[in-house]
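sequence below, structure please.
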Amino acid sequence: MSGAGPPMAGGEAAVASSLPLPSAKTYGLYTDENGIKRLYPINFDHRKELKKLNHSVLANFLDLLEILIRCPDSSKRIEKIDDIKLLFIHMHHLINEFRPHQAREALRVTMELQKRNRLEIADRFELHLEKVMETVNGALSALSSREEFDSKLLVPTEVAPRPADDPEQPPTDRLTELDALMCHVMDTS
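Got it, this is the predicted structure:
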């Protein structure tokens, strides 16, 4: 049932219903074993059979109206109501057989939308990353081309090699390193 439902902005079919699907046990309730007469062949086209059942419901409803006009207390009235009930049972059964296909199609559409959104986000991220890199490179080139900046504000950036973690020696305190760095900045100013 691809393409069922109103089209969305992206041209995809809208998900027909957000209600949970009936369990698979209910699909086989309306069979010959349960005493309900089968009205369609074993191998059939669902659309054609649903159209036939729809026309049969309409014809039986018109027959029921005729019976109610001519003889409302007739036993034929109850027979026609039972016939209409049987037709609706079969229509519901055929519609429920479409539920797994509908769920699969809804999942496919949802996954395609998620994929498209993630690709758009990745593209926007790449654009922002390029702009940030250009800004950083521009700032670095402006700093390197400037010759009269204050050397007192420069902070040493050498990275001291850290010894491997020795279980007998306590780890270096990060605050001590930052304190030493701040003392160096204050001493040079």
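
just the mean pLDDT for the host helix or strand of R124, thanks.
Assigned by DSSP states H and E, R124 belongs to helix 99-145. The predicted model assigns helix 99-145 a mean pLDDT of 89.

could you identify the helix or strand that succeeds it?
Counting by DSSP H and E, the element that comes right after helix 99-145 along the chain is helix 174-188.

same for the helix holding R124, what does it pack against?
Using 3 or more CB pairs under 8 Å, 6 or more residues apart in numbering; DSSP states H and E as the contact test, no helix or strand touches helix 99-145. No exception for glycine: its C-beta is placed from N, CA and C like everyone else's.

just confirm P72 is within a strand.
No. Per DSSP: H, G, I helix; E, B strand; the rest coil, P72 lies outside any strand segment and is coil.

next, it: phi, psi?
Backbone torsions of P72, given as degrees, to the nearest 10, read phi -60, psi -20.

what's the distance between it and L65?
Look at P72 and L65: by CB to CB, to the nearest Å, they are 11 Å apart.

who's more crowded, these two?
L65 (11 against 8; other CB atoms under 10 Å).

so where's this structure uncertain?
Flagging of the chain using pLDDT under 70 yields the residue ranges 1-44, 145-175, 189.

if we use 90, what do you get?
Judged by pLDDT under 90, the chain has its weakly predicted residues at 1-50, 71-75, 86, 89-107, 136-189.

right, and K76 touches L68 too?
No. With contacts counted by CB atoms under 8 Å, K76 stays clear of L68, the gap being 10.0 Å.

for I95, what is the enclosing helix or strand?
Per DSSP H and E: helix 75-97 holds I95.

only the buried residues of that helix, if you could.
Neighbour-count burial for helix 75-97 flags 80, 83-84, 86-87, 89-91, 93-94, 96 (criterion: 16 or more other CB atoms under 10 Å).

distance of I69 from F61?
Separation of I69 from F61 (CB to CB) stands at 13 Å.

cool, E112 as well?
Distance from E112 to F61, by CB to CB: 41 Å.

closest to V57 out of the buried residues of helix 75-97?
L87 (4.8 Å; CB to CB).

which helices and strands sit right next to the helix holding I95?
Going by 3+ CB pairs under 8 Å, 6+ apart, helix 75-97 lies up against helix 46-70.

can you list the neighbours in contact with the helix it packs on?
39-40, 74, 76-77, 80-81, 83-84, 87-88, 90-91, 94-95, 97-98 (CB atoms under 8 Å, 6 or more residues apart in numbering).
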